[in-house]
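Visitor: fold the following and give me the result.
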Amino acid sequence: MEQNEMKDFTELTCTNLMIKLKILLNRTPPGEEIHFFATREQVDNTCTPFTSHGYAVECEQSGENRYIVQIGKK
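Guide: Residues are numbered from 1 along each chain as shown. Reported below is the predicted structural model:
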């Protein structure tokens, strides 16, 4: 997926991001991933809970406080 197609969730609070991700992941078929931009705080607060609940999570820094995050069902 190209960066211009990714959603930018950097303006969401961590709580709102968690809610949005749960909804999106429930709609995502197994084997597919969601890609989005997040801040460092969002990455710290959201990636660990998803990895402990059976999701594959990858984060890559793309700016000073901007990360590309990929979350998919294992």
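Visitor: which is the next helix or strand following the worst-scoring helix or strand of the chain on mean pLDDT?
Guide: For the chain, counting by mean pLDDT, DSSP states H and E, helix 40-51 ranks last in confidence among helices and strands (a mean of 89). Next along the chain after helix 40-51, taking DSSP states H and E as the criterion, comes strand 55-63.
Visitor: if Asp8 is in a bridge, with which residues?
Guide: According to DSSP bridges, the residues that bridge with Asp8 are Phe37.
Visitor: and the gap between it and Leu25?
Guide: 18 Å (C-beta to C-beta, to the nearest Å). Bear in mind the C-beta positions are built from the backbone N, C-alpha and C, glycine included.
Visitor: who's more crowded, those two?
Guide: For Asp8 and Leu25, the more surrounded residue by other C-beta atoms under 10 Å is Leu25, and the numbers stand at 17 against 11.
Visitor: quick check: which element contains that one?
Guide: With secondary structure defined by DSSP H and E, Leu25 is part of helix 14-27.
Visitor: which helices and strands does that helix pack with?
Guide: strand 33-38, helix 40-51, strand 66-73 (3 or more C-beta pairs under 8 Å, 6 or more residues apart in numbering; DSSP states H and E).
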